[in-house]
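[1] Quick one, structure for this:
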Amino acid sequence: MSFLQEMEKYKDLDLPEFFSKIKDQDVLSALRKEKLNCYDYLTLLSPAAESHLEAMAQRARRMTIQNFGKVMQLFTPMYIANYCDNLCVYCGFNHDNVLERKQLTMAEVEAEAQKISETGLKHILILTGESQKYSSIEYILAAVQILKKFFTSISVEIYSLTEEEYVRAVQSGVDGMTMFQEVYDSSIYKELHLAGPKSIYEFRLDAPERACRAGMRNVNIGALLGLNDWRKEAFFTGVHADYLQHAYKDVEVAVSTPRMRPCAAGFSPRVIVNDVNLVQYITAYRIFMPRSGITLSSRESRMMRDHLVKLGVTKISGGVTTAVGGHTKGEDSSQFDISDTRSIEDMAQMLYSEGYQPVYKDWQGLY
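    Below is the predicted model of the structure:
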């Protein structure tokens, strides 16, 4: 069974009709439950639940502290290549966009790793554009061998791999993967991904499950908010996470909640997702999935990130550059504009001021 089959259970779900029937008492009933089902989660995503955000926030905060404590894992992304074969209309790395394409040499990978490691971080997320020619699995795993000298946990955010390739990655020392479906609505997905390997909806949708089967320690999923009705995308992201967690109990399943930011593609969000919407999504998800990680990126403003730290988030980035080699070479040809430019040290100081303990390392692999 794959998640595509799980989604079939909801093919006749009419969200406007469902939401039209939700009353205050339904929201309060969901909030009183110890364990929520998928429809309870959808109830907390409803417009009716907006008037109960304070109660949702309080419960989300309590559940996060209960399951994770007042700690926050810090990380930063490291872009090693930006060549891409896809025509994704919303992405700065789109094959047809005019920008300087780069691929780090192994010497440059080591210099970039050295620079990042000086911040004290022991977790790294490496990213590439989606080009098997310029970012082959061999190239990526060669970079991993260098990164192992500096970091105890290495995650990848790259193109969808086969299960055999994920096995190779795990055996090489990769213990985490991030894979954004971008948009779960298959018809809209096809409108936004015009060509390239990423245009194959089903292959991308099943990638997190292939990684789970391959033995990946943690898997992070999400939708890019702004491409479709945020409530629908938040619902299917949650259902996807719930499916993976039940099917692969030894895998740490987490979600990200990125909102669209300006990029070289010049694509405007189809749907505006405001701050209240984002708070509702994060708190609803936390109540639905109390032991799941929630990652918050530098796409969000300094103010939003400072507030959301207390409402369910467990992992947050700092010192971010989305340019290839950006930690050593400076910003150039980035994937999207970041909003919060604070360094790792600045993020740590913010966390201390809020009574949280920043975590630079929480995993040591066998290598």
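[2] mind checking how far the spatially closest residue to Lys23 that is not a sequence neighbour is from Thr257?
    In space, Lys23 comes closest to Ala48 once its chain neighbours are excluded; the distance is 6.4 Å by C-beta to C-beta, 6 or more residues apart in numbering. For every residue, glycine as well, the C-beta is placed using N, CA and C. Plainly put, Ala48 is 21 Å away from Thr257 if you go by C-beta to C-beta, to the nearest Å.
[3] got it, and Val359?
    For Val359, the distance to Thr257 (C-beta to C-beta) stands at 20 Å.
[4] more crowded one of those two?
    Thr257 (26 against 19; other C-beta atoms under 10 Å).
[5] was I right about the more buried one contacting Asn277?
    No: applying C-beta atoms under 8 Å, one finds Thr257 not in contact with Asn277, separated by 10.0 Å.
[6] Can you get me a residue count around Ser131?
    Neighbour count of Ser131, defined by other C-beta under 10 Å: 23.
[7] Do I have it right that it meets Lys102?
    No: with contacts defined as C-beta under 8 Å, Ser131 does not count as touching Lys102, sitting 11.7 Å away.
[8] in stretch 314-322, what's buried?
    Of the residues in stretch 314-322, 314-322 count as buried by neighbour count, 16 or more other C-beta atoms under 10 Å.
[9] Overlap in contacts, Ser131 and Lys102.
    With C-beta atoms under 8 Å, 6 or more residues apart in numbering applied, the overlap between the contact sets of Ser131 and Lys102 consists of Ala81.
[10] If I look at the spatially closest residue to Thr314 that is not a sequence neighbour, what pLDDT would I see?
    If the residues on either side of it in the chain are set aside, Thr314 comes closest to Gly293, at 4.6 Å by C-beta to C-beta, 6+ apart. According to the model's per-residue confidence, Gly293 sits at a pLDDT of 97.
[11] what do Thr257 and Asn277 both touch?
    Overlap between the contact sets of Thr257 and Asn277, as judged by C-beta under 8 Å, 6+ apart, is given by Leu225.
[12] where along the stretch 101-250 of the chain do the strands fall?
    123-127, 153-157, 176-182, 218-223 (DSSP state E, counting those that start in this stretch).
[13] Make CSV out of those strands and add mean neighbour count, mean pLDDT and distance to Gly238.
    As requested, the strands of the stretch 101-250 of the chain are exported to CSV (neighbours: other C-beta atoms under 10 Å; pLDDT from 0 to 100; distance: least, C-beta to C-beta, whole Å):
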stretch, mean neighbour count, mean pLDDT, distance to Gly238
strand 123-127, 22, 95, 22
strand 153-157, 23, 97, 20
strand 176-182, 22, 97, 12
strand 218-223, 23, 98, 10
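[14] follow-up on the earlier one: out of the buried residues of stretch 314-322, which are inside strands?
    When strands are assigned by DSSP state E, the members of the buried residues of stretch 314-322 inside them are 315-317.
[15] Contacts only, for the residue nearest to Lys23.
    Ala48 is in contact with 19, 22-24, 26-27, counting by C-beta under 8 Å, 6+ apart.
[16] I'd assumed Met304 was in contact with Asp275.
    Yes: under the criterion of C-beta under 8 Å, Asp275 is in contact with Met304, at a separation of 6.2 Å.
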